[in-house]
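K.L.:
3D model of this:
(one chain, ligands or ions: 1)
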Amino acid sequence: MTPDTKPHSPEKAPVTLLGLGAMGTALARAWLAAGHPTTVWNRTPARAAALAAEGARTAGTAAAAVAAGPLVVVCLLDDVSVGEVLAGADLAGKDVVNLTTSTPDQARDRAAWAEERGARYLDGGIMAIPPMIGVPEAGGYVLYSGPRDLFDDHRATLAVPAGATYAGADPGFAALQDVALLSAMYGMFAGVTHAFALVRREDVDPAEFAGLLTGWLTAMAPVAHRIAGELTTGADPEEEVAGLAMQVAGTPTFLDTARGQGVSPELVTPYFELMRRCLAEREANNPQGMVDLLLR
Ligand code: FVH
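P.N.:
Model prediction:
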């Protein structure tokens with residue numbers, strides 16, 4: 001293992017980080033900058049060189065990195081790579097925080113797997129991209145789920161790269177909410193892509209249109225609270241039917257405009273179809289919300 005060349009504050013907890021991709025590197029840099037003794041390991045060792053120059057200790061094997069300290073943070077490509085990398089390490093007595101994107105079931109299985117090996121386990125979902133790491137004003141955060149006391153024990157260290165938000169004792173909850181939030185993001189990306197396609201062939205300045213888009217999407221974002229209210233307290237069926245009927249009646253305008261602009265409607269038709277189905281159910285006296293209609 002390379003020596004630690006950077007002075008660290010004695011009160012800063014040591015961190016071991018496995019995985020130095022774009023995100024792992026950003027995480028390591030944030031802990032180093034905050035004065036945490038940081039041990040890193042990556043399958044491709046060259047990716048550790050820049051961090052070593054910044055004061056990180058580099059370990060020759062994942063097992064050696066795990067042995068270096070009590071807190072082991074994992075940020076690898078997927079759950080399969082997590083299993084491969086941790087397979088040869090002694091996890092007894094370690095606190096493992098896995099920030100690799102996983103399914104909820106993978107997170108639950110990985111928690112049980114780690115606990116069988118004597119570790120405490122937190123799963124995490126990173127709601128940030130690498131440039132947001134270590135930049136508090138960027139608004140990034142990480143969702144954590146697993147034992148509350150484990151989260152509290154490491155909260156100060158975990159809050160260094162991005163805000164630390166506890167999502168519940170079920171180890172699958174961080175992954176579930178991570179995937180839910182990212183799914184909403186992809187819905188937004190789909191809408192933005194369709195919107196740009198509609199104006200693409202016209203004399204519309206993309207930068208100016210981007211300003212219109214961000215303003216509009218920001219203004220509409222509170223719809224999430226309205227839907228939450230409906231899911232919690234139930235909606236006013238009369239009002240909802242009127243609103244939905246108006247929107248369904250308007251869909252030909254959207255589809256005709258797409259056709260006129262030579263744009264495939266493939267990104268918007270699934271949502272229009274769900275609205276149509278929801279209205280049909282309500283008119284058949286079987287009222288269900290759009291969210292519940294998606295549940296099989
Ligand atoms: N980057 C982002 O914007 C997103 C933000 C939200 C959270 N994700 C998740 O973070 C995990 C890591 O993402 P990343 O951006 O660091 O990913 P890469 O740059 O592709 O680095 C992948 C690292 O995983 C190592 N690796 C892959 N397979 C194996 C394996 N079989 N054994 C050991 N290591 C493996 C890879 O090593 P190498 O290719 O350099 O040798 C990198 O260290 C991810 O779950 C995102 O969903 C990031």
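K.L.:
show me where the stretch 151-296 of the chain has helices.
P.N.:
173-199, 206-220, 223-233, 237-260, 269-283, 290-294 (DSSP state H, counting those that start in this stretch).
K.L.:
Now do the buried residues in stretch 138-151.
P.N.:
Judged by neighbour count using 16 or more other CB atoms under 10 Å, the buried positions of stretch 138-151 are 140-147, 150-151. C-beta: built from backbone N, CA, C; applies to glycine.
K.L.:
what's the answer for stretch 24-39, then?
P.N.:
24-32, 34-39.
K.L.:
Show me the least confident stretch of the helices of the stretch 151-296 of the chain, going by mean pLDDT.
P.N.:
Out of these, helix 237-260 stands lowest, with a mean of 86 (criterion: mean pLDDT).
K.L.:
Kindly export that helix (C-alpha atoms) in PDB.
P.N.:
Coordinates of each C-alpha in helix 237-260 appear next as PDB, following Å, rounded to 0.1, in the frame of the first residue of the first chain:
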ATOM      1  CA  PRO A 237     -63.700  12.800  -9.100                       C
ATOM      2  CA  GLU A 238     -65.800  15.500 -10.700                       C
ATOM      3  CA  GLU A 239     -62.900  17.900 -11.100                       C
ATOM      4  CA  GLU A 240     -60.600  15.200 -12.200                       C
ATOM      5  CA  VAL A 241     -62.800  13.900 -14.900                       C
ATOM      6  CA  ALA A 242     -63.300  17.400 -16.300                       C
ATOM      7  CA  GLY A 243     -59.500  18.000 -16.300                       C
ATOM      8  CA  LEU A 244     -58.700  14.700 -17.800                       C
ATOM      9  CA  ALA A 245     -61.500  14.900 -20.400                       C
ATOM     10  CA  MET A 246     -60.100  18.200 -21.500                       C
ATOM     11  CA  GLN A 247     -56.600  16.800 -21.800                       C
ATOM     12  CA  VAL A 248     -57.700  13.700 -23.700                       C
ATOM     13  CA  ALA A 249     -59.700  15.900 -26.100                       C
ATOM     14  CA  GLY A 250     -56.500  17.800 -26.700                       C
ATOM     15  CA  THR A 251     -54.300  14.900 -27.700                       C
ATOM     16  CA  PRO A 252     -55.100  15.100 -31.400                       C
ATOM     17  CA  THR A 253     -53.700  18.600 -31.400                       C
ATOM     18  CA  PHE A 254     -50.400  17.200 -30.100                       C
ATOM     19  CA  LEU A 255     -50.300  14.200 -32.500                       C
ATOM     20  CA  ASP A 256     -51.300  16.400 -35.500                       C
ATOM     21  CA  THR A 257     -48.600  18.900 -34.700                       C
ATOM     22  CA  ALA A 258     -46.000  16.100 -34.400                       C
ATOM     23  CA  ARG A 259     -47.200  14.700 -37.800                       C
ATOM     24  CA  GLY A 260     -47.100  18.200 -39.300                       C
END
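K.L.:
before we move on, back to that, filter the buried residues of stretch 24-39 down to the ones near the ligand?
P.N.:
residue 24 (CB under 6 Å from any ligand atom).
K.L.:
Which residue does the stretch 1-150 of the chain have closest to the ligand?
P.N.:
residue 21 (1.8 Å; CB to the nearest ligand atom).
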